[in-house]
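Undergrad: Can you look at this prediction? I've put the sequence above it.
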Amino acid sequence: MRDFISLEGCWRLIGAGGDRSCPELLRVVHCRNCEVLTRAAEAFLERPSPAGYAEFFTRIVAEPPRPAVEEVSVVLFRLGQEWMAIDTAVFCEVADLRPVHRIAHRVGTLVSGLVNIRGQLHLCVALDRLLEIPLHAGPAAESRKRERLAVIGTRAETWVFAVSEVHGVHRFAASSLEAAPATLPASLSAITRGVFPWGERRAAYLNAAELQLALRKVAG
């Protein structure tokens, strides 16, 4: 029998990983069943550790675990010039603009009318007027290109309102939330938990429960 230990990496040359010309394959079927590979693996595991190996991993094990960062998942959208966010859990979907059917005796109120979303009629409210934020900023044609309908709520109630733009889902560290600045419109500030950095901007994190309460009052 040939001494295959002298062939460095014989399993790669003539074994299962090579041209399979090794006569021992008839007996062991695969190199992982061969004592040559077993002895090579033992020698590899028993080799001396490189300099500084133990000290390196000792420092890693000794380091205290880093605290987990609590993140908040929100959907970012823009209303006029104001970027704001609401919990992903209450944001149902984004829809293209479509006709809003006015409700008798509700003209001039914050209720724009009824809108058809997936075959069901939902109240459409003027969130821009509720929060005292101009919806259209800049040329009207340009500002309406990204305008969408946002649908929020639960199984019990659903609300629809127009927004200038929807960015999508975003996560931010809960610890990065700051107090709402005094420059926010009073109506927006009343339902804002705080603001968080988003690139070079600041986005207002809305209190979903307070927003829905304000929408109920509008509908009532």
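TA: Here it is on my side, so go on.
Undergrad: which residues touch Ala150?
TA: The contact partners of Ala150, taken as CB atoms under 8 Å, 6 or more residues apart in numbering, are 77, 91, 94-95, 160-163, 166. Yep, even glycine has a C-beta here, placed from its N, CA and C like the rest.
Undergrad: confidence score at the residue nearest to Cys22 when sequence neighbours are not counted?
TA: Of all residues not flanking Cys22 in the chain, Ile14 sits nearest, at 4.3 Å (CB to CB, 6 or more residues apart in numbering). Looking at Ile14, its pLDDT is 89.
Undergrad: His170 too?
TA: pLDDT, His170: 96.
Undergrad: about what we covered before: hmm, Glu24 and the residue nearest to Cys22 touching each other?
TA: No: under the criterion of CB atoms under 8 Å, Ile14 is not in contact with Glu24, lying 9.2 Å apart.
Undergrad: Let me see the mean pLDDT of the helix or strand Glu210 falls within.
TA: Using DSSP states H and E, Glu210 falls within helix 208-219. In this model, helix 208-219 has an average pLDDT of 88.
Undergrad: follow-up on the earlier one: now for the contacts of Ala150, which pair is the farthest apart?
TA: Maximum pairwise distance among those (CB to CB): 14.8 Å, between Phe91 and Ala162.
Undergrad: now the helices for this protein?
TA: 10-13, 25-28, 35-45, 53-62, 127-130, 140-143, 186-189, 208-219 (DSSP state H).
Undergrad: Residues contacting the longest one from elsewhere in the structure, which ones?
TA: Around helix 208-219, the neighbours that count as contacts under CB under 8 Å, 6+ apart are 86-87, 89-90, 109-111, 123, 125, 130, 152-153, 157, 159, 190-191.
Undergrad: Give the buried residues for it.
TA: Neighbour counts over helix 208-219 (16 or more other CB atoms under 10 Å) mark 208, 211-212, 214-215, 218 as buried.
Undergrad: returning to that earlier point: highest mean neighbour count out of the helices of the chain?
TA: Scoring those by mean neighbour count under mean count of other CB atoms under 10 Å gives helix 127-130 as the most buried, with a mean of 20.
Undergrad: which helices and strands sit right next to it?
TA: strand 158-163, helix 208-219 (3 or more CB pairs under 8 Å, 6 or more residues apart in numbering; DSSP states H and E).
Undergrad: And the strands in this structure?
TA: Secondary structure of the chain (DSSP state E): strands located at 71-79, 82-87, 91-95, 111-117, 120-125, 148-153, 158-163, 165-173, 192-198, 201-206.
Undergrad: Dump those into CSV; add distance to Arg20 as well.
TA: Below are the strands of the chain laid out as CSV (distance: least, CB to CB, whole Å):
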stretch, distance to Arg20
strand 71-79, 52
strand 82-87, 59
strand 91-95, 57
strand 111-117, 64
strand 120-125, 66
strand 148-153, 62
strand 158-163, 65
strand 165-173, 51
strand 192-198, 58
strand 201-206, 62
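Undergrad: one step back: turn the helices of the chain into TSV, including distance to Phe172.
TA: TSV is the format used below for those (distance: least, CB to CB, whole Å):
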stretch	distance to Phe172
helix 10-13	49
helix 25-28	57
helix 35-45	45
helix 53-62	29
helix 127-130	22
helix 140-143	26
helix 186-189	18
helix 208-219	15
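Undergrad: So which of those is nearest Ala179?
TA: Using CB to CB, those put helix 186-189 closest to Ala179, at 10.1 Å.
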